[in-house]
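Asker: Let me see the structure of the following:
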Amino acid sequence: MEIHFVLLTSKLVVATDPAMHDLVFSVQPSLVGRNIERLRQQVLKRDEHRCQFCGLCSLNGMDVVYANDKYETTLDGCATACAVCASVLRGGVHAGSNSGYMVLMPELKQVEVVGLFLAMSAWSDIAVTVKQQPLRAIAEQIDARRGQVEEVTGVTRSFKVSHWRQLLSSPKFHANRARLLGPFRFMPDHDCYVHELKAWSKEVFQRYDEKSIQSKLLNLKVKQ
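Answerer: Purely as a prediction, here's the structure:
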């Protein structure tokens with residue numbers, strides 16, 4: 001059985017503000033400078049605790065990141081991000097450890113992969129046994145796409161985010177990360193975000209009610 005991913009548009013995310021930033025796997029550093037906590041609170045308040053990448057809104061599990069590659073520790077130079085999007089921007093690091101892996105998934109933008117991850121996480125918590133079958137099929141295909149990264153690059157265990165972080169940490173490569181990453185995406189590891197997902201449960205369930213979850217995930221066409 002082969003699962004083909006069709007292009008999922010912004011329907012997978014709530015945010016439609018044209019000022020939203022493009023989410024690209026990166027190696028962005030954490031905020032540095034004086035009065036960081038005060039700045040964080042100012043940014044969170046300005047953005048109304050809404051992730052400026054995927055649109056998730058919550059009073060918990062939110063972070064503040066640099067809004068661009070200038071790394072300016074100022075109100076205009078920072079933006080609110082959920083823990084998942086923040087870890088994407090920081091090279092897959094969350095709570096001091098690798099929090100996911102790379103997959104070959106050119107059909108989706110990175111922000112849509114984050115949305116898919118949230119939808120699958122929500123569905124796995126509410127689905128009954130019969131509805132777990134398509135979810136497992138999708139999970140198996142994602143796992144297969146993790147192995148495809150190694151096949152495409154020819155680098156052993158290249159699906160590990162540490163490999164990409166090391167590659168993109170060079171200024172030469174970091175400047176061209178979008179071109180280098182090409183069809184590769186960062187897929188979060190559910191176990192690393194258990195506490196955040198629990199804090200986000202209300203909004204996630206509102207966004208991905210059973211009917212819409214089923215529609216979105218089954219839209220990933222399954223072909224024999």
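
Asker: where does this structure dip in pLDDT?
Answerer: Within the chain, the stretches falling below the threshold (pLDDT under 70) are 1-21, 126-131, 158, 212-224.

Asker: swap the cut-off to 50 and go again
Answerer: 1-19, 222-224 (pLDDT under 50).

Asker: Which is the succeeding secondary structure element to the host helix or strand of residue 138?
Answerer: If you go by DSSP states H and E, residue 138 is part of helix 129-153. Scanning forward in sequence from helix 129-153 by DSSP H and E, the next helix or strand is helix 161-168.

Asker: which secondary structure elements does that next one contact?
Answerer: Helix 161-168 sits against strand 100-104, helix 177-181, with contacts defined as 3 or more CB pairs under 8 Å, 6 or more residues apart in numbering; DSSP states H and E. Placement of C-beta: from N, CA and C, glycine included.

Asker: Which residues does it contact?
Answerer: If you take CB atoms under 8 Å, 6 or more residues apart in numbering as the criterion, helix 161-168 is touched by 25-27, 91-93, 98-102, 155, 157, 173-174, 177, 180-181, 184, 186.

Asker: and these, which are buried?
Answerer: In these, burial by neighbour count holds for 25-27, 91-93, 98-102, 177, 181, 184, 186, counting by 16 or more other CB atoms under 10 Å.

Asker: between those, which is closest to residue 68?
Answerer: Using CB to CB, residue 26 comes nearest to residue 68 of the buried ones among the contacts of helix 161-168, at 10.6 Å.

Asker: Need the nearest residue in space to that closest one, chain neighbours excluded.
Answerer: What sits nearest to residue 26 in space, not counting adjacent residues and going by CB to CB, 6 or more residues apart in numbering, is residue 89, at 5.0 Å.

Asker: and what of residue 148?
Answerer: Nearest residue to residue 148 in three dimensions, chain neighbours excluded: residue 104, at 4.2 Å (CB to CB, 6+ apart).

Asker: you'd agree that neighbour is up against residue 145?
Answerer: Yes - taking contacts as CB atoms under 8 Å, residue 104 lies within contact range of residue 145: 4.7 Å.

Asker: Which of the helices and strands packed on helix 161-168 sits closest to residue 208?
Answerer: Across the helices and strands packed on helix 161-168, the minimum distance to residue 208, taken as CB to CB, is reached by strand 100-104, at 19.6 Å.

Asker: The closest one relative to helix 129-153, how many degrees between them?
Answerer: Angle of strand 100-104 versus helix 129-153, following axes from the mean of the first three to the mean of the last three CA atoms, to 10 degrees, is 70 degrees.

Asker: what ranges do the helices span in the chain?
Answerer: Listed from the start of the chain, the chain has helices (DSSP state H) covering 36-46, 83-89, 110-126, 129-153, 161-168, 171-174, 177-181, 194-207, 210-218.

Asker: Thanks again, I'm all set now.
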